[in-house]
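**Q** Okay, predicted coordinates and the sequence, questions at the end:
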Amino acid sequence: MGLRSEHCSFDAKRYLDMTAVTSKPKAPAFCEGVQHFAEALPDFETYGQTPAIAPGATAISDPKDPTAAYQTLLAADALRYLTLQMTASKQSGHPGGFASIADTIAALVMLGHKNLITEVGHHAPGFYSTVFLDRSLEAMGINTVQELCDRFRETHGLLGHLSGQIPGLLNPAGPLGQGQHFAMAGAKLHPGVLFPVTIGDGGLGEPYIMSSIGHFHTAYPNATNFLPILVWNGYSQEHHSMVATQSNEAMVAYWRGNGFGNVILVDAKDFDDANQPGAYVDSTAFSLGQRLAFTQAVLTATDQAAQSALGGTLTVLIVKQLKGAGVHKRGAQSHNLYPGDSLDKDYIVAALTARALTPAAWDLVRTNFERAMGGPNATTAVTESVLPVPDLGDLPLQEFPVGGDKQVATTAMGAIVGYVGQQDPQFIVTNADGNAASGINNINQALKIIHPTVDDTYFQGPQGQVYEPLSEDACAGLAAAQALFGARTLWCSYESFAINGLPIWQTVTQAMAELRRPTPATVTLFTAGALEQGRNGWTHQRPEIENYFAAMMRNGNVYPLFPTDANSIQACYEWALGQRNKGVTITASKSPLPVRTTMAQGRMAIAQGAISLHHSTGSQTVVFAVIGDMTLLPVFEAATQLEAQGLGVKILSVVNPRVLYRPTDVAWDACAEADDTFLDDATFADLFGGDALLGVTGGSAAMLEPIVLRSTAPRDVFAWKRGETTASAGQLMALNGLTADNFVARAQALLG
């Protein structure tokens, strides 16, 4: 609780009498490693003798109580202290952004709201400090401040940004513009529980935040129990934030203009008695009286915002305070520590000394944090237990006869999706470009598009389960976030457009790999692939997206599936519904195509990676490993030509390429829900063995890597090159070299 006399540097000498560095052998055990203790704290005898959160209580009883404000101030200083010592111990990490919102995080905890979410990965050290203080990190063997520092930014420890493995923390955080999705998913799944989400003013420039909140609020007007908290500190990573020049009135108007019914702003400048220049000031530089007044205002405003959000009003809390408040530097310079920013640097020592608490104060803060919300977040947060989901019973699978009428694979899957939603009220389907355009209008018919306007023509109404914002980020965001929080979802997209939603899908699947509890797989359906979009030209031809999933397969829990036909896709979705902590992408055409496999063969293809569709004998054998459904057409044509030359041909449909990797290629054993299903060498040799092998795909050649790595035959690949406007899928394939004649010529060359 030391004070500061200059805008950007500490005057430690002024407060040596108050915060003299001393050893405190009677400090609580968790304080082992604390480098600086205060000798005494002003007014502690008055306001620090009894925890503000009483035994058996889960929050303070009165946010206007001076004792509650004083102990909230202690908590904010404790958070700043731990954040700075932790980061300085490794001379890396990000203390400044969290420091400017520490008062509000402390207020939320004291008010019993610990289902905390952030959009800002750089605030990770502050959130680690929060769950350390409430004893959550004891679940991973972190019991003391020394261990907190030792494990920061270390393997199997506290990584630089939030992940899925940290006890008591609800969401991963990396790319900006994502956190609101987790808060909204939590609000939808847990009515009556508050989900605060801190949003940095640097991240406010991301286009997704306001648009995703706007669509969600229109779709779910009663789910207002999430609370955006704008960390308005004037700076981004390396410069002033782009909203730094806005007036308070303009900022309030911005949020009101985006549909927020209640905009609550607390400006530290209103409490400044240290004559700090500029619009953004540091509350730790105030006199103790004004620090308490500011903390009281934050505590009261946070309570008002929480009650407003829980009471049915879309609410935002804006806290305006200088970045780096109470740590080693101010502004963008406080954002990151670099080599040399060590614990023995004078400016680090001065900052820690100014924030130092007495052993009794540390014990008080720990007691309040542990009691808040009924115990450590590692046991009380909504994500620390498995969310019950309804049993689906027997799925309504429809087996189409092999060789019968052509069928649309996506439509076949859509029928099952509709059934799942009818059995599971929490289930949602998200799609930015419209289900009807992807051959799955039967999903809309069964589940209805969520819209306040009832219109049977478009199968829409306010109680629907199909979420259709015109943003892939919003689609992927809510679907992936809800899956992470424990509920079933399906994100549908055109393959060509999905790239805008993949950052959060990737974030969630990585978190699922680390997650300490089972949760339903996050499942996608990508339709209308490049080969079907000839008339639209390259704007709708983006199969390069498969590079993304090909790289992610090595993560250990990502499974791109390429069903062969309408039976195979049902087997794929059936399998996906039974998976936990995986990212499963299903890519299929919306065109009527031949049925080539039985349902049993579809299941076998998932288990062993591929299935044989055709096998003839001859003088030598050419093996085709084919990814996709439409790409099989020119391959069968090539087989006819090769067989006319006396050659044998084997055509394999590759459905689950991840299974075709070698176990050592994939980090499966590092996944919380480890899956060591891989095709053994003998079966691989039997399945893919031949005199020449051609991998064929209408997407990225990277998907064929598992086969190319293991095959010992002369081999080559045919894959997507680039898009163009064409009149047919065949013409587009020809432009990319995917023709029977090319296959035959290359096979002959490989055979010598």
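**A** Okay, I see it.
**Q** so how far is the helix or strand of the chain with the lowest mean pLDDT off the chain centroid?
**A** Among the helical and strand segments of the chain, the one scoring lowest on mean pLDDT, DSSP states H and E is helix 729-735, with a mean of 90. Relative to the mean C-alpha coordinate of its chain, helix 729-735 is positioned 37 Å out (C-alpha atoms, centre = their mean, to the nearest Å).
**Q** Could you list the alpha-carbon positions for it in PDB?
**A** In PDB, the C-alpha atoms belonging to helix 729-735 read as follows (Å, rounded to 0.1, in the frame of the first residue of the first chain):
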ATOM      1  CA  ALA A 729     -16.200 -29.800 -61.200                       C
ATOM      2  CA  GLY A 730     -14.500 -31.900 -63.800                       C
ATOM      3  CA  GLN A 731     -13.100 -28.800 -65.600                       C
ATOM      4  CA  LEU A 732     -11.800 -27.400 -62.300                       C
ATOM      5  CA  MET A 733     -10.200 -30.700 -61.500                       C
ATOM      6  CA  ALA A 734      -8.600 -30.700 -64.900                       C
ATOM      7  CA  LEU A 735      -7.100 -27.200 -64.300                       C
END
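**Q** Could I get the buried residue list for it?
**A** With burial defined by 16 or more other C-beta atoms under 10 Å, the residues of helix 729-735 counted as buried are 729, 730, 732, 733, 734, 735. Heads up, the C-betas are built off the backbone N, CA and C, glycines and all.
**Q** mind listing what the fourth one touches?
**A** What it means is residue 733. Contact partners of residue 733, counting by C-beta atoms under 8 Å, 6 or more residues apart in numbering, are 531, 631, 634, 698, 739.
**Q** Can you give me the distance of the first one to residue 593?
**A** The one in question is residue 531. With the distance defined as C-beta to C-beta, to the nearest Å, residue 531 ends up 11 Å from residue 593.
**Q** Repeat that for residue 371.
**A** Computed with C-beta to C-beta, the distance linking residue 371 and residue 593 is 61 Å.
**Q** So which of those two has more stuff around it?
**A** Relative neighbour count places residue 371 above the other of residue 371 and residue 593, with 24 against 19, counting by other C-beta atoms under 10 Å.
**Q** Leaving out sequence neighbours, find the closest residue to that one.
**A** If you skip the residues right next to it in sequence, residue 371 has residue 53 as its closest partner in space, 4.4 Å away by C-beta to C-beta, 6 or more residues apart in numbering.
**Q** Show me whatever sits in contact with both of residue 531 and residue 593.
**A** Taking C-beta under 8 Å, 6+ apart as the contact rule, the neighbours common to residue 531 and residue 593 are residue 630.
**Q** wait, what's in contact with residue 339?
**A** Contact analysis of residue 339 by C-beta under 8 Å, 6+ apart lists 91, 92.
**Q** SS state for it?
**A** For residue 339, the secondary-structure state derived from DSSP: H, G, I helix; E, B strand; the rest coil is coil.
**Q** So that it lines up with my notes, have the first residue be 446 from now on.
**A** All right, first residue 446 from here; so that's residue 784.
**Q** For it, give me phi and psi.
**A** The phi/psi pair for residue 784 (degrees, to the nearest 10) reads phi -50, psi 130.
**Q** just checking, residue 874 is part of a helix?
**A** No - the assignment for residue 874 by three-state DSSP gives strand, which leaves it out of any helix.
**Q** Show me the beta-bridge partners of it.
**A** Going by DSSP bridges, residue 874 is paired in beta bridges with residue 911, residue 935.
**Q** which two in the buried residues of helix 1174-1180 are spaced the farthest apart?
**A** 1174 and 1180 (10.8 Å; C-beta to C-beta).
**Q** Which neighbours do the two have in common?
**A** Looking at what touches both residue 1174 and residue 1180 (by C-beta under 8 Å, 6+ apart), there is no common residue.
**Q** wait, what's in contact with residue 599?
**A** Counting by C-beta under 8 Å, 6+ apart, residue 599 makes contact with nothing.
**Q** where in the chain is pLDDT low?
**A** 446-470, 973 (pLDDT under 70).
**Q** change it to 80
**A** Segments of the chain classed as low confidence (criterion: pLDDT under 80) are 446-470, 619, 650-652, 940-941, 973-975, 978-982, 984, 986-987.
**Q** Which parts of it belong to which domain?
**A** Following the assignment in automatic domain parsing, the chain carries domains at 457-829, 852-1196.
**Q** Tell me the secondary structure at the residue nearest to residue 816.
**A** State at residue 498, reduced to three classes by three-state DSSP: coil.
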